[in-house]
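# starting from these lines, generate the structure:
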Amino acid sequence: MKILLSLLLVFGSCLACAGESPHSYWNPAIAAFEAADRANPPPQHAVLFIGSSSIEHWKTVAADFPEVQVINRGFGGSVLSDSTYFADRIIAPYHPRAIVLYAGDNDLYYQHTPQQVRDDFVAFVHKVRSFDPGVPVAFVAIKPSVARQSLLPQIEQANRLIRSYAATQHDVAYIDVFTPMLGSDGQPQQKWFGPDGLHMNRSGYLLWIGLLKPWVDAHGR
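Modelled structure (predicted):
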């Protein structure tokens, strides 16, 4: 994963030098979503899960929330602004009943500031509400992974800024998965993660399901 992220940084820099958007890297993944939608149209007014690899790897998300219809549009390695940039293509067509977003993790790894992450989340909310006014949005707190333990202060600050913003908005929720994933020593715990210490194992997802289920059930029916 570290190699992939380093390559994305280099690739994004090359695109910027060439006058292209760094978001262009994701065009093949977005085109694949669109092709899948044409072949098998997803339900309208479902709960949309979108964001980076923690969403992309959540292959059981539909089965984990059986009371609601779910669409997964995670693309691993992405930053928060990627979901905003492609919202016209992979959010607007679904007219989601509610949106669950996990992003910001890679942003901090790419040395975006916590304030940038907060501002990018604000931009995401404004974007999705430009075509679905009032759509409920849940931000899943940036997780405290073992692999990115050195980023813990920035993660805490970004989460705090987003929680404060969400508290001022109607139907914008901050889902705190950060605190429950810490150990009694206040540090990340390997038990929630696979061998790379970054991507979650089933135990991690089971924890998330329990924390997300009340919000998803309340907004997804």
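
# in the chain, which residue is most central in space?
Per C-alpha atoms, centre = their mean, the C-alpha nearest to the average position across the chain is that of Y102, at 2.0 Å.

# might one say that that residue is in contact with S54?
Yes. Between Y102 and S54 there is a contact at 4.8 Å, judged by C-beta atoms under 8 Å. C-beta coordinates here come from the backbone N, C-alpha and C atoms, glycine included.

# mutual contacts of those two, please.
Residues within reach of Y102 and of S54 at once, by C-beta atoms under 8 Å, 6 or more residues apart in numbering, are G74, V140.

# run through the bridge partners of the residue nearest to the centre of the chain.
G51 (DSSP bridges).

# any weak-confidence spans in the protein?
1-20 (pLDDT under 70).

# which residues does the residue nearest to the centre of the chain contact?
F49, G51, S52, S54, I55, G74, F139, V140.

# before we move on, what about P43?
Contacts of P43 by C-beta under 8 Å, 6+ apart are Q69, I71, Y94.

# all strands for this structure, in order.
47-51, 70-74, 98-102, 137-140, 172-175 (DSSP state E).

# and which of the contacts of P43 is nearest to G194?
Using C-beta to C-beta, I71 comes nearest to G194 of those, at 24.5 Å.

# for burial, what's the neighbour tally of the closest one?
I71: 21 surrounding residues under other C-beta atoms under 10 Å.

# thought it was touching R97?
No. Using C-beta under 8 Å as the test, I71 is too far from R97 to be in contact (10.3 Å).

# name the residues contacting each of the two.
Contacts common to I71 and R97, judged by C-beta under 8 Å, 6+ apart, are A46, V47.

# so how far is stretch 205-219 from its chain's centroid?
15 Å (C-alpha atoms, centre = their mean, to the nearest Å).

# identify each buried residue in it, please.
Y205, L207, W208, L211, L212, W215, V216, H219 (16 or more other C-beta atoms under 10 Å).

# cool, and stretch 156-163?
Buried-residue list, stretch 156-163, by 16+ other C-beta under 10 Å: E156, Q157, A158, N159, L161, I162, R163.

# tabulate those residues (a markdown table), appending distance to D88.
What follows is the buried residues of stretch 156-163, written out as a markdown table (distance: C-beta to C-beta, whole Å):
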| residue | distance to D88 |
| --- | --- |
| E156 | 33 |
| Q157 | 31 |
| A158 | 26 |
| N159 | 28 |
| L161 | 26 |
| I162 | 23 |
| R163 | 28 |
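
# state the distance from S81 to R38.
26 Å (C-beta to C-beta, to the nearest Å).

# who's more crowded, these two?
Neighbour count, other C-beta under 10 Å: between S81 and R38, S81 has more, with 21 against 8.

# surely the more buried one meets D119?
No. Counting by C-beta under 8 Å, D119 is not a contact partner of S81; they are 9.6 Å apart.

# next one: stretch 190-203 to chain centre, how far?
For stretch 190-203, the distance to the chain centre is 17 Å (C-alpha atoms, centre = their mean).

# got a list of contacts for it?
Residues from elsewhere that reach stretch 190-203, judged by C-beta under 8 Å, 6+ apart: 1, 53-54, 57, 143, 145-148, 181, 188, 204, 207-208.

# what is the most widely separated pair among the residues you listed?
Between all members of the contacts of stretch 190-203, the farthest pair (by C-beta to C-beta) comes out as M1 and L207, at 20.8 Å.
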